[in-house]
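Asks: Got a sequence here, can you build the structure:
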Amino acid sequence: MREAHFTRIASELKLGIQQVRAVADLLAAESSVPFIARYRKEATGGLDEVAVISIRDRLEQLAALDKRREAVLRSLEQQGVLTPDLKAEVTAAETLRVLEDIYLPFRPKRRTRATAARERGLEPLAEILFAQEGIDPASQAARFVDPEKGVSSPVEALAGARDIIAERISEHPDARAELRRLYRERAMIRCRVQKEKEAEGSKYRDYFDWQEPLKNVPSHRLLAMIRGEKEGILAFHIQPEEEDALDLLRHRFVKTGNAASREVKTAVGDGYRRLLAPSLENELRQESKQRADADAIRIFTENLRDMLLAPPLGQKNVLAIDPGYRTGCKVVCLDRQGKFLHSDTVYPLEPLNQTAAAADAIRDLILVFDIEAVAVGNGTGGREAHAFCRALELDPSIPILLVNESGASVYSASEAARREFPDQDATVRGAVSIGRRLMDPLAELVKIEPRSIGVGQYQHEVDQRELKRALDDTVISCVSAVGVEVNTASAEILSYVSGLGPKTAAALVQRRDKQGPFPSRKSLLDVPGMGPKTYEQAAGFLRVSGSADPLDASAVHPERYPLVERMAADSGCTVQDLMRDAGLREALPLERYISAEVGMPTLMDILEELAKPGRDPRPDFETVKFAEEISEIEDLRPGMQLPGVVTNVTAFGAFVDVGVHNDGLVHISQLADRFVAKSSDVVRVGQKVSVKVLTVDVDRRRIALSMRSDPQNPPPKNR
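Replies: Model prediction:
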């Protein structure tokens, strides 16, 4: 089936068969997605990570289908029912759903009403009725009356025969497929509140009496209804109009209008209501949930990527503040490598309000530790602490920045934080995380479980295995794109480097701690667990600054060092000269270096790296200034135009921080002066925006915002 799968995937993804085959071979050889996309462009025809992941996931789905197909064939053979025609049907099934429909009549099942009827000898009567010839059903049924078998009357015999027909209809593959199409096209999702749950379920009030076509329901609404049902507040069903479904089945199974056909018609109604409708509704629930999960996971991964690749402040001496009211503000000082130097607690906020002492303490720390930037967590008390620091009138060259602290509390209580700071409490660890997050968001955020960062929608409702895999793919992709300085990186970020994993990453850090910095990439081979394959996968993403070989600080893979050295020799210079002199690089006749393994894509990548070794793809850092007169939701008024930062993007819009404790919502219909299909087409997490306040609900702490030039005249309605 392997080649057939390649052909199918190539057709589905509009790729060449050789591209799919190459990716499959590389994956089978345990190559990582970033390695394939970055260093095997000639083999794959330049496929990016998205395409490689799509091929990987589809190969796994088809392998699972093959595995299930083999199990079905074994079961049919053991039952002695595997005819050549049935085997051909099973072999030709292209989806798991079709395969299960074929297998359904033969699948071992618990005892049913039809099973009981067959045991009482009523299958021949069902066959007579199903033929729908001009017979008298009651007379025929009388022949099957047998009190010893539990059939005491013709009425009981007919009921049992109808049970057999109803089950046969419910298991008919073509009928199920036709009904499935009807459900997908015309089913309605109808939601209502459970009796006496109105008060405790007020957050679901929009769904207390709700209906819409299933094919139109967006992911966030479906996941909201699923959560409401799980909490016992809502109940919802997915069904088309019953008469439409019955008409479809009658057209297929009811042949005439005679007495036997009337029995079949009754069986059709029973089979649909008792068997088919619940089964298909369950199928559609699963199918719709999978689509909603995929959409929610896509949104989460997009947001996570934007957050991980946020601009870093860079290596600065940082004073970080984790704000608090009664317990005070925890202050820590970090050096330019993020090393913890000092901690203190100050009380500039209510209720203690020791403003003067707090001001003196912070000014002293700034002088003693040569502070170059101040990071203030944006949680409770963040705006007030930020305003307090601004009022200190520090050196204008020292930026005072609000930092998104989502997940910092999770990190502060983690094993990694306790291991690094065994003698410090959680508030100190949290403040350190805030400061480091300003310096390098990627390096710090990888220490936090991605699901705890808070940039998704309904992440606890989606398939957790699929979510984790997608988030891990995203983190690995981001780490690979930026690269990791091997002599300063934490074990957490190293564990996301292509090919490494937690065990090898820990061994690398342990070796570094015991023997000092790695002098070169090649010395990484001394790390336990760093075999040739692991080294091949990881080396290009690891940087060794200060190595005798300047290529060790670049993304040029060690396997291409001889090629670069040859380029330098042909140019009559050193590798360092080639990296410094653009003229030398421009004069290189690249065609001369093309081979079976190296093509123009790799050569262009090498030239790019020689020009900017170890380049950081993240944008330059920019500060955000909120409106100074705004600090509380009570300060907001409709019509205000405010600067803000996007903190989360969802299917229904974007949340924006405008400098108060509650993020405002820009509904998708208010994102632009045009129809917006996806929020991420317009905004990204971390983007700086200008918004207008539409409404403020102080009691519910809700703020409605707009990015439209004329919020009162919206574009076509978004669904």
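
Asks: Tell me how many other residues surround the closest residue to H557 other than its chain neighbours.
Replies: In this structure, H557 finds its nearest non-sequential neighbour in G540, 4.0 Å apart by CB to CB, 6 or more residues apart in numbering. The C-beta positions use only the backbone N, C-alpha and C, and glycine is treated the same way. When neighbours are defined as other CB atoms under 10 Å, G540 has 26 of them.

Asks: shaky segments in the stretch 51-200 of the chain?
Replies: Counting by pLDDT under 70, the stretch 51-200 of the chain contains no low-confidence residues.

Asks: where exactly do the strands run in it?
Replies: Along the stretch 51-200 of the chain, counting by DSSP state E, counting those that start in this stretch, strands occupy 188-193.

Asks: just checking, R252 is part of a strand?
Replies: No - counting by DSSP: H, G, I helix; E, B strand; the rest coil, R252 is not part of a strand but helix.

Asks: related to what we said a few turns ago, quick one, what contacts the residue nearest to H557?
Replies: 35, 38-39, 498, 555-558 (CB atoms under 8 Å, 6 or more residues apart in numbering).

Asks: which of those has the most neighbours?
Replies: In terms of neighbours by other CB under 10 Å, those top out with V556 at 28 neighbours.

Asks: I'd say it and L610 touch.
Replies: Yes - the criterion here is CB atoms under 8 Å, and V556 meets it with L610 at 7.5 Å.

Asks: so what sits against both of the two?
Replies: V564.

Asks: ok, now how distant is the residue in the chain sticking out farthest from the centre from A157?
Replies: Note on the chain: the largest C-alpha distance from the chain mean falls to S139, namely 62.8 Å (CA atoms, centre = their mean). S139 sits 11 Å away from A157, going by CB to CB, to the nearest Å.

Asks: for L588, same thing?
Replies: In this view, L588 and A157 are 90 Å apart by CB to CB.

Asks: can you check R227 too?
Replies: According to CB to CB, R227 stands 48 Å off from A157.

Asks: same check, this time on V698
Replies: 71 Å.

Asks: Those two: which has the busier surroundings?
Replies: Using other CB under 10 Å, the more surrounded residue of V698 and A157 is A157, with 27 against 12.

Asks: In contact with that one, which residues are there?
Replies: Contacts of A157 by CB under 8 Å, 6+ apart are 122, 125, 141-142, 144-145, 151.

Asks: Also D423?
Replies: Applying CB under 8 Å, 6+ apart to D423 gives no contacts.

Asks: quick check, it in a strand?
Replies: No - D423: not assigned to a strand; according to three-state DSSP it is coil.

Asks: And it, what's its pLDDT?
Replies: With respect to pLDDT, D423 has a value of 89.

Asks: what separates the residue nearest the centre of the chain from G377, distance-wise?
Replies: Of all residues in the chain, the one closest to the mean position by CA atoms, centre = their mean is I297, 2.9 Å from it. Noted for I297: a distance of 28 Å to G377, by CB to CB.

Asks: Run through the strands of the stretch 601-719 of the chain in chain order.
Replies: Using DSSP E, counting those that start in this stretch, strands in the stretch 601-719 of the chain cover 641-650, 653-657, 664-667, 688-697, 702-706.

Asks: Using JSON lines, please lay out those strands together with mean neighbour count.
Replies: Listed next are these as JSON lines, based on neighbours: other CB atoms under 10 Å:
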{"stretch": "strand 641-650", "mean neighbour count": "21"}
{"stretch": "strand 653-657", "mean neighbour count": "24"}
{"stretch": "strand 664-667", "mean neighbour count": "24"}
{"stretch": "strand 688-697", "mean neighbour count": "17"}
{"stretch": "strand 702-706", "mean neighbour count": "21"}
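
Asks: Nearest to L222 among these would be which one?
Replies: Ranking the strands of the stretch 601-719 of the chain by proximity to L222 (CB to CB) places strand 641-650 first, at 13.4 Å.

Asks: Sheet-wise, list the partners of that closest one with their directions.
Replies: Using DSSP bridges, the strands paired with strand 641-650 are strand 653-657 (antiparallel), strand 688-697 (antiparallel).

Asks: average pLDDT for that strand?
Replies: 90.

Asks: residues in contact with that strand?
Replies: Contacts of strand 641-650 (CB under 8 Å, 6+ apart): 220, 299, 302-303, 404, 454-457, 624-627, 630, 654-659, 663-664, 679-680, 683-693, 705.

Asks: Check stretch 600-612 too.
Replies: 38-39, 41-42, 46, 554-556, 560, 563-564, 578-579, 582, 585, 588, 590, 593-594, 615.

Asks: Now it: buried residues?
Replies: Buried residues in stretch 600-612, counted by 16 or more other CB atoms under 10 Å: 602-603, 605-607, 609-610.

Asks: Kindly report the same for stretch 541-559.
Replies: Quick answer for stretch 541-559 (16+ other CB under 10 Å): 541-544, 547, 549-558.

Asks: Just the CA atoms of that stretch, as PDB, please.
Replies: The C-alpha atoms that make up stretch 541-559 are tabulated as PDB, following Å, rounded to 0.1, in the frame of the first residue of the first chain:
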ATOM      1  CA  PHE A 541      20.400  24.400  15.100                       C
ATOM      2  CA  LEU A 542      23.000  24.700  17.800                       C
ATOM      3  CA  ARG A 543      25.300  27.700  18.000                       C
ATOM      4  CA  VAL A 544      28.800  27.800  19.500                       C
ATOM      5  CA  SER A 545      29.900  31.400  19.700                       C
ATOM      6  CA  GLY A 546      33.600  31.900  20.100                       C
ATOM      7  CA  SER A 547      34.600  28.700  18.400                       C
ATOM      8  CA  ALA A 548      37.800  28.600  16.400                       C
ATOM      9  CA  ASP A 549      35.600  27.700  13.400                       C
ATOM     10  CA  PRO A 550      33.400  30.700  12.700                       C
ATOM     11  CA  LEU A 551      30.800  28.400  11.000                       C
ATOM     12  CA  ASP A 552      30.000  26.900  14.400                       C
ATOM     13  CA  ALA A 553      28.100  30.200  15.200                       C
ATOM     14  CA  SER A 554      26.000  29.900  12.100                       C
ATOM     15  CA  ALA A 555      23.200  27.800  10.700                       C
ATOM     16  CA  VAL A 556      25.500  26.200   8.100                       C
ATOM     17  CA  HIS A 557      25.400  22.400   8.800                       C
ATOM     18  CA  PRO A 558      28.700  20.700   9.700                       C
ATOM     19  CA  GLU A 559      28.100  18.400   6.800                       C
END
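
Asks: Low-confidence ranges, this structure, go.
Replies: For the chain, the stretches flagged by pLDDT under 70 are 1, 454, 456, 713-719.

Asks: Per the annotation, how does it divide into domains?
Replies: 2-106, 117-298, 318-439, 484-553, 558-611, 633-706 (automatic domain parsing).

Asks: Find the nearest non-adjacent residue to A385, please.
Replies: In space, A385 is closest to P323, 4.0 Å off (CB to CB, 6+ apart).

Asks: Cool, thanks, talk later.
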